[in-house]
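Enquirer: Sequence and predicted structure, then a few things I'm wondering about:
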Amino acid sequence: MPSASKAPARAGGPPSLAGGLQCPVPVADRAEITIGHGGGGRLTEELLDKVFRPAFANPALDARHDGALLQVGAGRLAFTTDAHVVSPLFFPGGDIGKVAVCGTVNDLAMCGARPLWLSAGFILEEGLPLEVLRRVVASMRAAAGAAGVSIVAGDTKVVERGKGDGLYVTTAGVGVVPDGVNVGPARIEAGDVVILSGDIGRHGMAVMGVREGMAFEGPIESDCAPLAAPVAALLDEYLEVHCMRDLTRGGLATALIELAQTRGLEIAVDEGAVPVCEAVRGACEILGLEPLYVANEGRFICFVPESASASALALLSRTAPGGPPAVIGRVRASGSGEVMLRRTVGAERVLSRLSGEQLPRIC
């Protein structure tokens, strides 16, 4: 069993898990923003439903995809944006710059697009060492080169000392959607097979290990990686891919729940089929976390018909990072909009959204 040293307990505030992790208790109505609003769970969904979606409602946004699909003349573009507040800035397997590039590239790829161009905005805190900024920028350049995209525009702002936590990065991305490609939540059908591209939970546990000063018996590196290549492999073979979603904050469980609720169909998942490496599993046991909810930055799920599943698995085995891929579930005809997890003992339970923020500041 992996072991870990515990960080000092924090005084006051919500109850803490091992390592000083906090689990805020949800409150039905809040008058101000809490850290839980950024976790991808129930509070995030409430923020979207009560504030952003009513204010900005339009067909592209209402599709609830990883990016907006926009018709431009005879062609289609995918457009997405993201903000990155990772703490610490550097961690095993990556840093805030690599996350910024990969996260944006991956959102475009999930739309079926070929990522082409990114913009990058930097919010710098007074006193940030220039060497730190140089390291982040060099990492972004390397990640962009690996993903085949160019950073073509940007902006820089500086805030007073103590008001910026070192460095924040915002990104936006544009990609071209090939003719005939149509992937999205609306295309998920009963009978679809759910394929996971690789093992889960590495990113969240790698960041938390550094942040909380925890030493696990087995090394854990972030899975941060661009996903454009495995997605292109699926689409270039003209496989019938119905939907894709990359797994970020909230992990595999949250991605599945979002898609089940959006489509109004039930997704049944086999817990024993979900790959989790022993180091991550042991770290989660120590911290009282469930790997299904831990963040990733280089994994995705895809929904394909049963007839295409063998070909999709073969392609992802050759191209996707963190493999081998695995069939982890299927879509049922039930209109419950729920995700049912079949435990290793055979019983099923409903997966629910996180109530608060499990692992803050990890993307």
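Expert: Received the coordinates, thanks.

Enquirer: most centrally placed residue in the chain?
Expert: Nearest to the mean C-alpha position of the chain, by C-alpha atoms, centre = their mean, lies residue 248 at 1.3 Å.

Enquirer: My guess is it contacts residue 296. True?
Expert: Yes: taking contact to mean C-beta atoms under 8 Å, the distance of 6.5 Å between residue 248 and residue 296 places them in contact. (Each C-beta comes from the backbone N, C-alpha and C, glycine too.)

Enquirer: How far does stretch 270-289 stretch from one end to the other?
Expert: 19 Å (C-alpha to C-alpha, to the nearest Å).

Enquirer: how much distance is there from that stretch to the middle of the chain?
Expert: Mean C-alpha position of stretch 270-289 versus that of the full chain (C-alpha atoms, centre = their mean, to the nearest Å) differs by 17 Å.

Enquirer: May I have the secondary structure class of residue 268?
Expert: For residue 268, the secondary-structure state derived from DSSP: H, G, I helix; E, B strand; the rest coil is strand.

Enquirer: er, residue 123 I mean
Expert: Classification of residue 123 using three-state DSSP returns strand.

Enquirer: Disregarding residues adjacent in the polypeptide, which is nearest to it?
Expert: Once its chain neighbours are removed from consideration, residue 123 has its nearest residue in residue 168; the separation is 4.2 Å (C-beta to C-beta, 6 or more residues apart in numbering).

Enquirer: And the lengthiest helix in the chain, what's buried?
Expert: The residue-count maximum for a helix in the chain (DSSP state H) belongs to helix 130-147. Of the residues in helix 130-147, 132, 133, 135, 136, 139, 140, 143, 144, 146, 147 count as buried by neighbour count, 16 or more other C-beta atoms under 10 Å.

Enquirer: surely the third one meets residue 90?
Expert: Spelled out, that is residue 135. Yes: using C-beta under 8 Å, residue 135 and residue 90 qualify as a contacting pair, with a distance of 7.4 Å.

Enquirer: what does stretch 356-363 rub up against?
Expert: With C-beta atoms under 8 Å, 6 or more residues apart in numbering as the test, stretch 356-363 has contacts from 14, 21-26, 34-39, 41-43, 84-87, 99, 103, 203-204, 207-208, 211, 248-250, 289, 293-295, 297.

Enquirer: Next up, identify which helix or strand residue 340 is on.
Expert: Using DSSP states H and E, residue 340 sits in strand 339-342.

Enquirer: how far is that strand from where the chain is centred?
Expert: Once both centres are worked out by C-alpha atoms, centre = their mean, strand 339-342 turns out to sit 20 Å from its chain's centre.

Enquirer: for stretch 342-358, same thing?
Expert: Here stretch 342-358 is found 18 Å from its chain centre; the criterion is C-alpha atoms, centre = their mean.

Enquirer: ok, which stretches of this protein are helices?
Expert: Using DSSP H, the helices of the chain run over residues 42-47, 53-56, 59-62, 96-110, 130-147, 202-211, 228-236, 251-263, 278-287, 306-319.
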